[in-house]
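Visitor: This is a predicted model, with the sequence first.
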Amino acid sequence: MVYANFKGNSSEGHALVNAISHHCTCTFGLFGVRVTTCPPHDALINDQLWLDSMLFERWRLAHVAPGAAQRVIAA
Ligand SMILES: [Zn+2]
């Protein structure tokens, strides 16, 4: 199995993890064991194109409309 490889910096990684946790719908059973994985967490692990696209979109927003990426993530 090949996992997706995050190519951003630590700041971008923290922002992505925060955004995903905000929208997470994973379910957990006894002792916190994950029972189902939500689509964003699944993509974070398995979808290189999705991960690259998230970074590109953040970069694009930062350059096209400075400050927009922070406002989108905070929403
Ligand atoms: Zn999740």
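Guide: Good, I have the coordinates.

Visitor: So for the residue positioned nearest the centre of the chain, what pLDDT did the model give?
Guide: Of all residues in the chain, the one closest to the mean position by CA atoms, centre = their mean is L16, 3.8 Å from it. The model reports L16 with a pLDDT of 92.

Visitor: is it true that it lies in a strand?
Guide: No. Using DSSP: H, G, I helix; E, B strand; the rest coil, the assignment for L16 is helix, not a strand.

Visitor: What distance do you get for the most far-flung residue of the chain relative to its centre to the ion?
Guide: Largest separation from the mean C-alpha position in the chain: L30, at 25.6 Å (CA atoms, centre = their mean). Note on L30: its distance to the ion, by CB to the ion, to the nearest Å, is 18 Å. In short, each C-beta sits where N, CA and C put it, glycine included.

Visitor: what about T37, how many neighbours?
Guide: When neighbours are counted by other CB atoms under 10 Å, T37 registers 16.

Visitor: For the nearest residue to it once chain neighbours are set aside, give me its contacts.
Guide: Nearest non-adjacent residue to T37, counting by CB to CB, 6 or more residues apart in numbering: C26, 5.6 Å away. Applying CB atoms under 8 Å, 6 or more residues apart in numbering to C26 gives the contacts R34, V35, T36, T37, C38, H41.
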